[in-house]
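> A predicted structure for the sequence below; I have some questions about it.
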Amino acid sequence: MIVLAAATSLTMAAPELPPLPPITRDPQVTYVDRSGAVLGVRGGRYAPPVDLAKLPAYVPAAFIAIEDRRFYTHTGFDPVGIGRAILDGVSEGRPTQGASTITQQLARNLFLSADRTVERKAKELVWSIQLERTYSKKQILALYLSRTYYGSGAYGLEAASRRYFNKPATRLSLREAATLAGLMKSPTNYNPIQQPEASARRAALVLDAMVETGAITPADRAKAMAAPLKVWNSAPTAPAQYFVDWLDAQRRQIMPQPKQDMVVETTMDMALETAAADSTRAVLARYKSQSVGQAALVALDGQGRVRAMIGGADYAAGPYNRAVTARRQAGSAWKPFVYLTALEAGRTPGMAVIDEPLTIGNWSPQNYAGGYLGQITLEQAVAQSVNTVAVRTADEVGRANVAATARRLGIASPVNTDPAMALGTTLVSPLEMTQAYAAFSNGGLRVAAYGIEKIRTNGGQVIYQRKAGPQARVIANPALSEMNQMLRTAVASGTGGRAKIAGYDLAGKTGTTSDYKDAWFAGYSGGFTTVVWMGRDDGASMGRITGGSAPAELWRGFMTVALKRGPAQAIPAGPAAPVLAPPPVEVLVPVVEEHIEPAAQVPAEVPEDPPI
């Protein structure tokens, strides 16, 4: 009663009040995909105030009906509401609570804590009155809708609309608006994801209040409650947050401290990202019993634009990006660098080679099945992923030259050159492998993977524009066409059989490392490359998962969607004649013992995928 009397006196006397503290918000950076769909927001917690004129009228009406019916007539606080709350509290034997107007709630969100003390309540009333004197009702309501917490990490109406319903606030239905307005009482107890029944009951109360205030008719209410409500259990853009984190670090180098809200236009195609996430979830679930814990996927077009990126099984469980940051042994997915080096040295796919026992120093590589095929062609050795032939070939053409080939195509990590390097003991990231394989898909041109096209203000002023330079040719013919043909065979009749998609020109290579710790499938069509890795974060073995099983299935699931989304292209043949100069002399990076085992300690068997 003391606070009510003091507040009434303040209003009647209209005294000089202290000026409002500044209302500030840190700039936000919004990331959008290639079509303009929002991927994520970084920076400040709060978005700019919503534009009430663009919202359906029932959206603000829902909040006013349930939170503050006399919003447009009071001066910052509601004496009638406060009096009713006091009487209710006395009659029920509980402390006075509730009755805060929208303006009071905004004052608390802007300037104060949520502590329930007389001092805080008095300050809240003072700031509420001053807010009403300084801003219009529309400005106050817009700020309120933008500064309120809606649960599930969503601050502001726009964030809540996208989080729960995967749509902008301008497209909210009446039922959805009532659901969000119902969250104001308790974002936890009325969360539509965690408490769907309580949320539905609360939404019904909001609609009842809207009928009572005349905002909607009883028929509108009945229609809204009969309409199905689709709530997203996880944010639809959650898989894209690995990509957004990767770009946000790059954006900070370009623009460390933006002074205003910015929009980053990216290369991602959210439809493809969704397809990648769906395929990843399905395959991980299918192979859960075989101890498959994590997966990563990167998809690039022929210019290096990242079209999809999956950094792990669940971003909410941990933002560690395995597609970019994790470096794991490549297994036999490394072998194309060996064979490309051999082709450039004059060998041909039909050349006869011998699959037989081999010893280098005190190490003898083994094939997956344990036996030997005898005389086969180089193309067969690739298709069946024969270990002994790959090791012998690397030894003959020079492991330093193989390392130079890998770096030329886009491998940036240190490359070891011990005898086992031909079997993929070098640690690489999926992103590196994708950009290296991209040269096979686009006619022999090197790509540098990137995701930022443009940075602009909300008003359209361009702050940064990526300028594409000429792509260097890193593979020429006949080696390019020969390598592509060998990798086509690996998919058509070799270890990559599960990646086949009828009607498309596809090529690729499986990879499986010692004790089934890492499994890869790296493949491409014309101008589009996707690499999949699967394994465990703890480095433990999976249950006989090879690159030709779960990774190839994940790749196929994603590429089935990706190939339909764009025009199907044959893998380009590349230039008609050799144009490459001899590779420069490379300074080899020393082997780091904590990452790469010396040849004598490499396991005797590096398993590879059996043919399908």
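Great, that's in hand.

> ok, the most centrally placed residue in the chain - contacts?
Closest to where the C-alpha atoms of the chain average out (CA atoms, centre = their mean) is Ala240, at 2.0 Å. By CB atoms under 8 Å, 6 or more residues apart in numbering, the contact list for Ala240 reads Asp33, Leu39, Gly40, Met268, Met270, Glu273, Met309. The way it works is simple: take the backbone N, C-alpha and C, and place the C-beta from them, glycine included.

> so which of these are in strands?
Using DSSP state E, the subset of these located in strands is Leu39, Gly40, Met309.

> what's the closest of those residues to Val244?
Among the ones in strands among the contacts of Ala240, Gly40 lies closest to Val244 (CB to CB), at 4.0 Å.

> not counting sequence-adjacent ones, nearest residue to that closest one?
Spatial nearest neighbour of Gly40, excluding adjacent residues (CB to CB, 6 or more residues apart in numbering): Val244 at 4.0 Å.

> element containing that neighbour?
If you go by DSSP states H and E, Val244 is part of helix 241-254.

> go through that helix and flag the buried ones.
Gln241, Tyr242, Phe243, Val244, Asp245, Trp246, Leu247, Asp248, Arg251 (16 or more other CB atoms under 10 Å).

> name every strand pairing with the helix or strand following it and say which way it goes.
Counting by DSSP H and E, the element after helix 241-254 in chain order, helix or strand, is strand 262-266. Note on strand 262-266: by DSSP bridges, its sheet partners are strand 28-32 (parallel), strand 452-457 (antiparallel).

> Gly318 against Gln294, yeah?
No - under the criterion of CB atoms under 8 Å, Gly318 lies out of contact with Gln294, with a separation of 9.9 Å.

> looking at the two now, which is surrounded by more residues?
Gln294 (21 against 12; other CB atoms under 10 Å).

> check contacts around that one.
Residues in contact with Gln294 (CB under 8 Å, 6+ apart) are Gly312, Ala313, Arg322, Met534, Gly535, Arg536, Asp537.

> quickly find the element holding the fourth one.
Of the helices and strands defined by DSSP H and E, Met534 is found in strand 528-535.

> immediately after that strand, which helix or strand?
helix 550-565.

> list of residues touching that following helix?
If you take CB under 8 Å, 6+ apart as the criterion, helix 550-565 is touched by 269, 271-272, 275-276, 278-280, 282-283, 286-287, 290, 292, 295, 297, 299, 307-308, 496-501, 504, 506, 508, 510, 519-521, 523, 525, 528, 530, 532-534, 545.

> just those: which are in strands?
If you go by DSSP E, the contacts of helix 550-565 have 295, 297, 299, 307-308, 508, 510, 519-521, 523, 525, 528, 530, 532-534 in strands.

> the helices in the stretch 201-350 of the chain, which residues?
Counting by DSSP state H, counting those that start in this stretch, the stretch 201-350 of the chain has helices at residues 218-226, 241-254, 270-286, 335-344.

> and those helices as TSV, adding mean pLDDT and distance to Met210?
Below are those laid out as TSV (pLDDT from 0 to 100; distance: least, CB to CB, whole Å):
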stretch	mean pLDDT	distance to Met210
helix 218-226	97	7
helix 241-254	97	35
helix 270-286	98	34
helix 335-344	98	64
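
> single out the most deeply packed of the ones you listed.
Most buried of the helices of the stretch 201-350 of the chain, by mean neighbour count (mean count of other CB atoms under 10 Å): helix 335-344, with a mean of 27.

> any idea how far that one is from the middle of the chain?
Chain-centre distance of helix 335-344: 33 Å, with CA atoms, centre = their mean, to the nearest Å.

> check which helices and strands it sits against.
helix 378-383, helix 387-397, helix 399-409, helix 430-441, helix 479-492 (3 or more CB pairs under 8 Å, 6 or more residues apart in numbering; DSSP states H and E).

> what about 6 Å?
When contacts are defined as 3 or more CB pairs under 6 Å, 6 or more residues apart in numbering; DSSP states H and E, helix 335-344 packs onto helix 387-397, helix 399-409, helix 479-492.

> which among those helices is found nearest to Ala219?
helix 479-492 (59.2 Å).

> flag every buried residue along that closest one.
Those buried within helix 479-492 under the rule 16+ other CB under 10 Å are Ala479, Leu480, Ser481, Glu482, Met483, Asn484, Met486, Leu487, Arg488, Thr489, Ala490, Val491.

> pass me the low-pLDDT residue ranges in the protein, would you?
Filtered on pLDDT under 70, the chain yields the residue ranges 1-15, 80-99, 114, 116, 577-612.

> and Ala200, how far from Met184?
16 Å (CB to CB, to the nearest Å).

> would you mind telling me which of the two has the busier surroundings?
Met184 (21 against 17).

> wait, is Tyr464 part of a strand?
Yes - the assignment for Tyr464 is a strand, going by DSSP: H, G, I helix; E, B strand; the rest coil.

> could you find the closest non-adjacent residue to it?
According to CB to CB, 6+ apart, the nearest residue to Tyr464 is Ile455 (4.0 Å).

> that neighbour bridge partners, please.
Val264, Tyr464.

> before we move on, back to that, out of the contacts of Gln294, which comes closest to Leu125?
Once CB to CB is applied, the member of those that ends up nearest Leu125 is Gly312, at 48.4 Å.

> my read: the closest one touches Arg322, true?
Yes - the pair Gly312 and Arg322 qualifies as a contact (CB atoms under 6 Å) at a distance of 5.2 Å.

> one step back: from the contacts of Gln294, which single one is nearest Asn189?
Nearest to Asn189 among those: Ala313, at 29.9 Å, using CB to CB.

> how many neighbours does the closest one have?
Neighbour tally, Ala313, other CB under 10 Å: 21.

> Gly36 versus that one, what's the distance?
Taking CB to CB, one finds Ala313 at 28 Å from Gly36.

> go on, Arg305?
From Arg305 to Gly36 the distance is 16 Å (CB to CB).

> which one's more surrounded, these two?
Legend: neighbour count by other CB under 10 Å for Arg305 and Gly36, higher for Arg305 (20 against 9).

> dump the residue contacts of the more buried one.
Thr267 (CB atoms under 6 Å, 6 or more residues apart in numbering).

> so what does Gly566 have for phi and psi?
phi -120, psi 170 (degrees, to the nearest 10).

> so what's the residue count around it?
Count around Gly566 with other CB under 10 Å applied: 15.

> which residue packs closest to it, ignoring adjacent ones?
Excluding the flanking residues, the one nearest Gly566 by CB to CB, 6+ apart is Phe528, at 7.1 Å.

> count of neighbours near that neighbour?
Neighbours of Phe528 (other CB under 10 Å): 24.

> could you shift the numbering so residue one becomes 6, and keep it that way?
With 6 as the first residue, the last one maps to Phe533.

> tell me what it is bridged to.
Residues in beta-bridge contact with Phe533 (DSSP bridges): Asp306, Ser530.

> against Asp38, how distant is it?
According to CB to CB, Phe533 stands 17 Å off from Asp38.

> ok, Thr565 next?
20 Å.

> these two: who's more crowded?
Using other CB under 10 Å as the criterion, Thr565 and Asp38 rank with Asp38 on top: 21 against 13.
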